[in-house]
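> I'll drop the sequence and a predicted model, then ask my questions.
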There are 2 protein chains.
Amino acid sequence: MEEIAADPSHPRYASLLMRHRLEAAAKRGMLADSAMIAHGRGEAFDYLLGERTTASARTAAGEAMHRLSRAKRPVLSLNGNVAALAADDMLRLAARLSCPVEINIFYRTPERMTAILGYIEERKKALHLDVLVLGDAPDATIPGLKGPRAACHKEGILDSDVILVPLEDGDRCKALVAMGKTVIVIDLNPLSRSAQQASITVVDELSRALSTMLSWNEEDVRPAYDHQATLNDAHKAMLEGLNNA
Amino acid sequence: MEEIAADPSHPRYASLLMRHRLEAAAKRGMLADSAMIAHGRGEAFDYLLGERTTASARTAAGEAMHRLSRAKRPVLSLNGNVAALAADDMLRLAARLSCPVEINIFYRTPERMTAILGYIEERKKALHLDVLVLGDAPDATIPGLKGPRAACHKEGILDSDVILVPLEDGDRCKALVAMGKTVIVIDLNPLSRSAQQASITVVDELSRALSTMLSWNEEDVRPAYDHQATLNDAHKAMLEGLNNA
């Protein structure tokens, strides 16, 4: 797999590269047991989507950047899969928005938190980026969630007004929306609870979505964002993908 | 996850049970790196299928049993995921057909072979079944395949006339068909190369497909099996599933 992933002309290069990143992260102890299965589900939806960024996903990504750049206290939340697949782009986005990233994982264990925090600090140094990395000492809780999955930082997730939570769990997405925040989700399944409940959903593969967001300009045209229409459009694109398969 | 999987009334019981089996198998070293991702892709297709056995999948399962029970030298091939998810039913099926099972994995390493063989022997003892388990000393090769993935037993896969290879790789499926065998595949993706190339494809979740096969009777009505119509039907069921979602 590493051999193939080293050749960018291979038709499955992007997909194999993502798998390779997940395998490397698994070896570092960054991932929960369910991480690979969740990724495989995403792969199937991306296959139906034609492994491309649709026009409505681009609009959603632009709207997400518009809201994040105008937020008073934006924050970017990273779980194990997000750190594995897109640590660099998440850090670049945080640097551009001058906002913190917060490591916030669903199945929280000290070992996984240490592994992810270590990796993010490593990437931050390698990229020479000045970004505040939160997650090591949570001092607040998200109302409506029980146990370790409620833990967060006051100066990060708790007090944020706009939050990017890629690949988020449905319950946590719902709890963040209930706090009155603008919640931006990146999710390949337009039917998932997270995709449905978020304020803005980018239905696209994570690295493509972040690449679109990083190439956004303040001056870009800003088509109206309609949440349900965006989800319906992604659903329709998948139906067409399956129909033409 | 274990807690939920222990309650059969939970709506996601079957799905969580399968994940639990994979996690246990991973801990025993039975699985390749890509095993969980492949399972996740299957979950997405099963979701579109409505997590049910369609009429055409039932017909295909019946045809598979008809062919296996009339074969001169039937054999059941098991890879890591099949062993993890359905070792017991594969052994029960082999006992019923009085045929061997052969452990045959795509990414062959001595460690994984030992782990899988050990597990299958353990289950065979627990079930008190008299089944020949092959795989530990391959003495033949499948023509058209390179390296360790070509290895097989002469008295198992090589000389078989009808072979059940659930969740099989596309290249290997093709090589087996090229040998003139009747190749029976169980695969949730009707568009996969294995599903397309097989002689008979049961488009269903593995444990449901095996359960249908085990409940088959010699006297059951036997509707005509049309390979392309079976795949088209599964495809249509998934389109309807996505359409109604």
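Perfect, thanks for sending it. Treat the numbers as computed from the prediction; the structure is a model and nothing was measured.
> near chain B, which residues of chain A?
Taking Cβ under 8 Å from any Cβ of the partner chain as the contact definition, chain A meets chain B at A:1, A:19, A:22-23, A:26, A:33-45, A:47-48, A:189, A:191, A:235, A:238-239, A:242-243, A:245. (C-beta placed from N, C-alpha, C; glycine too.)
> Now, of the residues you listed, which are buried?
Buried by 16 or more other Cβ atoms under 10 Å in any protein chain shown: A:19, A:22-23, A:26, A:33-45, A:47-48, A:189, A:191, A:235, A:238, A:242, out of these.
> now, which of the residues of chain A next to chain B lie within helices?
Judged by DSSP state H, the residues of chain A next to chain B include A:19, A:22-23, A:26, A:35-45, A:47-48, A:235, A:238-239, A:242-243 as members of helices.
> Now the residue nearest the centre of chain A: closest residue in space, sequence neighbours ignored.
Centroid-nearest residue in chain A, with Cα atoms, centre = their mean: A:P166, separated by 2.1 Å. Take A:P166 and drop its neighbours on the chain: the residue closest to it by Cβ to Cβ, 6 or more residues apart in numbering or on different chains is A:I186, 3.9 Å away.
> distance of the one you found from chain B?
17 Å (Cβ to the nearest Cβ, to the nearest Å).
> Give me the pLDDT value at that residue.
At A:I186, the model reports a pLDDT of 98.
> who are the neighbours in contact with it?
A:L164, A:P166, A:L167, A:T201, A:V202, A:D204, A:L206, A:A209, A:L210 (Cβ atoms under 8 Å, 6 or more residues apart in numbering or on different chains).
> Out of those residues, which two are the most distant from each other?
A:T201 and A:L210 (14.5 Å; Cβ to Cβ).
> between the two, which one's more packed in?
For A:T201 versus A:L210, neighbours defined as other Cβ atoms under 10 Å in any protein chain shown are more numerous around A:T201 (28 against 24).
> dump the residue contacts of that one.
Listed by Cβ under 8 Å, 6+ apart, the contact set of A:T201 reads A:A60, A:I184, A:V185, A:I186, A:D187, A:P190, A:S194, A:A195, A:H227, A:T230, A:L231.
> Pick out the residue in chain A sitting closest to chain B.
Residue nearest to chain B within chain A: A:G40 (2.2 Å; Cβ to the nearest Cβ).
> Mind pulling up the pLDDT for the closest residue in space to that residue that isn't next to it in sequence?
Among residues not flanking A:G40 along the chain, B:G40 sits closest, at 2.2 Å (Cβ to Cβ, 6+ apart). On pLDDT, B:G40 comes in at 95.
> what separates B:G40 from B:A84, distance-wise?
According to Cβ to Cβ, to the nearest Å, B:G40 and B:A84 sit 14 Å apart.
> And the strands in chain A, which stretches?
Applying DSSP state E to chain A gives strands spanning A:74-78, A:101-103, A:133-134, A:140-141, A:151-152, A:162-164, A:182-186, A:200-202.
> on that earlier part again, how about CSV for the contacts of A:I186, with pLDDT added?
Below are the contacts of A:I186 laid out as CSV (pLDDT from 0 to 100):
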residue, pLDDT
A:L164, 98
A:P166, 96
A:L167, 91
A:T201, 98
A:V202, 98
A:D204, 97
A:L206, 97
A:A209, 98
A:L210, 98
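> Same list (those residues) but as a markdown table, adding distance to A:I142.
Formatted as a markdown table, the contacts of A:I186 follow (distance: Cβ to Cβ, whole Å):
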| residue | distance to A:I142 |
| --- | --- |
| A:L164 | 16 |
| A:P166 | 17 |
| A:L167 | 17 |
| A:T201 | 20 |
| A:V202 | 22 |
| A:D204 | 26 |
| A:L206 | 22 |
| A:A209 | 24 |
| A:L210 | 24 |
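> For burial, what's the neighbour tally of A:Q228?
A:Q228 has 8 neighbours, counted by other Cβ under 10 Å.
> and it, what pLDDT?
Per-residue pLDDT puts A:Q228 at 95.
> A:R222 contacts A:A60, correct?
No: contact criterion Cβ atoms under 8 Å: A:R222 and A:A60 do not qualify, at 11.4 Å.
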